[in-house]
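J.: The following comprises the amino acid sequence and a computationally predicted model.
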Amino acid sequence: QVQLVESGGGLVQAGGSLRLSCVPSGRTFSGYAVGWFRQAPGKERTFVAAISWLGGTTKYADAVKGRFTISRDNAKSTMYLQMNSLKPEDTAIYYCAAGGSVSTSPDLINYWGQGTQVTVSS
């Protein structure tokens, strides 16, 4: 069982930046692709970004391409999401996720974090 713990959320003005982090508790990320999903109030959970185990493959939602960067440090067993040029529409709870492959579908995720709130004011 992998428990995921996110950090780094908060309140930021439009145009600002935040960096989210995710670490596993109980075991490492070894062998897992990891990524981020987000859920705004009243909306479904949607894909944001994902990265393969060795970092050779990344995927991004069209809405965040060019603004967000996903990365991982396997030596530290930590995954990051650097978010730049934030917009009010990026406001959501951001969830760390881990699975067997890079996936844009929440149905294929094996493990979820509890989520961290990101609020972007206009």
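T.: Nice, I can see it. Numbering: from 1, shown residues only.
J.: Going by C-alpha atoms from here, please, whenever you check contacts or count neighbours.
T.: Fine.
J.: can you give me the strands for the protein?
T.: Using DSSP state E, the strands of the chain run over 3-7, 10-13, 18-25, 33-39, 46-51, 58-60, 68-73, 78-83, 92-99, 111-112, 116-121.
J.: could those go into a markdown table alongside mean neighbour count and mean pLDDT?
T.: As requested, the strands of the chain are arranged in a markdown table below (neighbours: other C-alpha atoms under 10 Å; pLDDT from 0 to 100):
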| stretch | mean neighbour count | mean pLDDT |
| --- | --- | --- |
| strand 3-7 | 19 | 94 |
| strand 10-13 | 15 | 98 |
| strand 18-25 | 19 | 96 |
| strand 33-39 | 25 | 97 |
| strand 46-51 | 24 | 97 |
| strand 58-60 | 18 | 97 |
| strand 68-73 | 19 | 97 |
| strand 78-83 | 20 | 97 |
| strand 92-99 | 25 | 96 |
| strand 111-112 | 18 | 94 |
| strand 116-121 | 20 | 98 |
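J.: want to throw the ones you listed into TSV with distance to S105?
T.: Below are the strands of the chain laid out as TSV (distance: least, C-alpha to C-alpha, whole Å):
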stretch	distance to S105
strand 3-7	18
strand 10-13	25
strand 18-25	19
strand 33-39	9
strand 46-51	7
strand 58-60	12
strand 68-73	17
strand 78-83	18
strand 92-99	10
strand 111-112	13
strand 116-121	19
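J.: Just the CA trace of stretch 13-30, in PDB.
T.: This file holds the C-alpha atoms of stretch 13-30, laid out as PDB (Å, rounded to 0.1, in the frame of the first residue of the first chain):
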ATOM      1  CA  GLN A  13      -2.500  36.000  -7.200                       C
ATOM      2  CA  ALA A  14      -3.100  35.400 -10.900                       C
ATOM      3  CA  GLY A  15       0.200  35.300 -12.700                       C
ATOM      4  CA  GLY A  16       2.000  33.900  -9.700                       C
ATOM      5  CA  SER A  17       3.700  30.600  -9.100                       C
ATOM      6  CA  LEU A  18       3.500  27.600  -6.700                       C
ATOM      7  CA  ARG A  19       5.300  24.300  -6.500                       C
ATOM      8  CA  LEU A  20       3.500  21.300  -5.300                       C
ATOM      9  CA  SER A  21       5.400  18.300  -3.900                       C
ATOM     10  CA  CYS A  22       4.300  14.700  -3.300                       C
ATOM     11  CA  VAL A  23       6.000  12.000  -1.300                       C
ATOM     12  CA  PRO A  24       5.000   8.500  -0.500                       C
ATOM     13  CA  SER A  25       4.600   7.100   3.000                       C
ATOM     14  CA  GLY A  26       5.100   3.500   3.700                       C
ATOM     15  CA  ARG A  27       7.200   2.700   0.600                       C
ATOM     16  CA  THR A  28       8.900   4.400  -2.300                       C
ATOM     17  CA  PHE A  29       7.600   5.400  -5.700                       C
ATOM     18  CA  SER A  30       9.800   2.600  -7.200                       C
END
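J.: No further queries at this time; thank you.
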